[in-house]
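Colleague: give me coordinates for this.
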Amino acid sequence: KISGASPLIDQLQWIPKAEKAVRHVFNRIMLCEDFNSATRTARQYDVDCVTLDGDQVQRKGALTGGYIDKKVSRLELQHSIKQLSTILNKYEQEYKIIRNEIMNIDNEYNNIMAELQREDMKSKKNW
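Modeller: Residues are numbered from 1 along each chain as shown. The predicted structure follows:
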């Protein structure tokens, strides 16, 4: 017994002469309570899954099904794009600041190394 999942074939009825065909088609399909249990079951047991909502998760990783309200979805996508653009701009600015700091530190390092080499050469000459 798998938590949140059961064989889909246990939920089906068929005429006796169709049994081989039904078993062939539905034998490796699990009926799952939700998308998370379907994903987990498909990966763990190498079976295809379908949720009570009709979403499908295939053992090879493909996902299909579901319903999208296009009106709500477009508004949500526009809002998400705006939010993500703002976040991206913030991180780009932080990246530029950090990149400049790294360049400054790199220049300081190079100056210190050059000074150390000069001092090393002086000390070798004085030997």
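Colleague: next SSE downstream of the helix-or-strand element of the chain with minimal mean pLDDT?
Modeller: Within the chain, judged by mean pLDDT, DSSP states H and E, the helix or strand with the poorest mean is strand 63-64; its value is a mean of 56. Scanning forward in sequence from strand 63-64 by DSSP states H and E, the next helix or strand is helix 70-125.
Colleague: which strands and helices lie in contact with that following helix?
Modeller: Contacts of helix 70-125 with other secondary structure elements, assessed using 3 or more CB pairs under 8 Å, 6 or more residues apart in numbering; DSSP states H and E, are absent: no helix or strand is involved. Every C-beta, even on glycine, is put in place using the N, C-alpha and C of the backbone.
Colleague: look up how far I105 lies from E119.
Modeller: With the distance defined as CB to CB, to the nearest Å, E119 ends up 21 Å from I105.
Colleague: meant to ask about V47, not that
Modeller: 54 Å.
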